[in-house]
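Trainee: here are the coordinates; sequence isn't available:
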DNA sequence: CGGGCGAATGTTATAATGTTGCAAATTTCA
DNA sequence: TGAAATTTGCAACATTATAACATTCGCCCG
């Protein structure tokens, strides 16, 4: 087994996508949410790679499908997917990426490679704990946490 | 002495501003960087409060000065201030705030109140360590770290 | 079945944020 | 001083995101 995390090594990516879609269907079914064709297609497009995609990239991809969509179509689909925890927004890139822990509303850490642009989502409980403690020390009540680390992934550093 | 952090309690804010400007002048002098009038004015405007300000808010404030500036003026001043660690960009808000640890290139944590909009910058070494460890565990080399916690500050939670 | 209701989508326009490219002015320093 | 480099002015434009309103779709109830 390779020691590298999934985005950084070759893998059967179609399986990633299929698993993500399957999980999404489950999550939506359980919560009685409607994973409509547009929403599912947007999710599938986001999962085309492990690189965060911009809303207008998705729009362009939909256009290639022959789906002549306007921005609100994409943003509404993204809002839905965000709401059900199926994708994450990467604030530092104004972009979106599929969630690898769908369903759970956890604090994630993103490692974003500036060279290959792949992003890896980590659960990183120790980071979550440290953040919680730091906030508590200030009597601050966290509601949403954004942790994004830009740098070089193992494949890309040239030292 | 109050237990609340600075942004959350009344204080002589003019002193904050003056100290920030004085530190900025020192940092720039040491590094042979030119803190021009526009740059200094933008820094002063950012320090008008502990709330992150958008680039176009700054532009409007400059306009009130009679300085009829275009967007690049503000963005260039911000680029300069960012480069010398005098301000931070808050990615989740597309906004900018004065750095309270000017000069040091540290990993900060921002606690951003959704009610009053004040933001508190913490050094939080335990968070920085946890992030560093998480990245190292993936053989990832961090270059820039964004940690932003949105929530309710001690003044604003109504429980 | 079919009418009605709420959710979802389509459509147009516009707002908010950020950048490019080039010319003019200013500063620096030999 | 005078040439080079930095800074600013300015116009246009690119990118990201939202508002407002009309239309269609899915579903439930009668």
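Mentor: That came through fine. All of these numbers come straight from a predicted model, not from anything done at the bench. Residues are numbered from 1 along each chain as shown, chains lettered A, B, ... in the order given.
Trainee: buried residues in the longest strand out of those in chain A?
Mentor: Counting residues, the longest strand found in chain A (DSSP state E) is strand A:141-152. Neighbour-count burial for strand A:141-152, counted by 16 or more other C-beta atoms under 10 Å in any protein chain shown, picks out A:141, A:142, A:145, A:146, A:147, A:148, A:149, A:150, A:151, A:152. Every C-beta, even on glycine, is put in place using the N, C-alpha and C of the backbone.
Trainee: now, among those residues, which is nearest to residue A:90?
Mentor: Distance to residue A:90, by C-beta to C-beta, is smallest for residue A:148 among these, at 6.1 Å.
Trainee: interface residues of chain A facing chain B?
Mentor: A:3-5, A:91-92, A:109, A:111, A:113-114, A:120, A:122, A:124, A:126-127, A:129-131, A:133-135, A:138-154, A:157 (C-beta under 8 Å from any C-beta of the partner chain).
Trainee: please redo it, this time with the cut-off set to 6 Å
Mentor: Proximity of chain A to chain B, by C-beta under 6 Å from any C-beta of the partner chain, involves residues A:5, A:91-92, A:109, A:111, A:122, A:124, A:126-127, A:130-131, A:134-135, A:138-154, A:157.
Trainee: and the next helix or strand past the biggest helix by length in chain A?
Mentor: Identified as the longest helix of chain A according to DSSP state H is helix A:13-30. Next helix or strand after helix A:13-30 toward the C-terminus (DSSP states H and E): helix A:37-46.
Trainee: touching DNA strand D at all, that following helix?
Mentor: No: on the criterion C-beta under 7 Å from any atom of the strand, helix A:37-46 is out of touch with DNA strand D, staying 8.2 Å away.
Trainee: show me where pLDDT drops low in chain A?
Mentor: For chain A, the stretches with pLDDT under 70 are A:1-3, A:103-105, A:159.
Trainee: re the thing from before, the longest strand of chain A pairs with which strands, parallel or anti?
Mentor: Strand A:141-152 has these partner strands in its sheet, going by DSSP bridges: strand A:109-113 (parallel), strand B:141-152 (antiparallel).
Trainee: let me have these in TSV, extended by distance to DNA strand D.
Mentor: Formatted as TSV, these follow (distance: least, C-beta to the nearest atom of the strand, whole Å):
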stretch	distance to DNA strand D
strand A:109-113	14
strand B:141-152	14
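Trainee: I'd like the ones you listed as CSV, with distance to residue B:44 appended.
Mentor: Output for the strands paired with strand A:141-152, formatted as CSV (distance: least, C-beta to C-beta, whole Å):
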stretch, distance to residue B:44
strand A:109-113, 33
strand B:141-152, 24
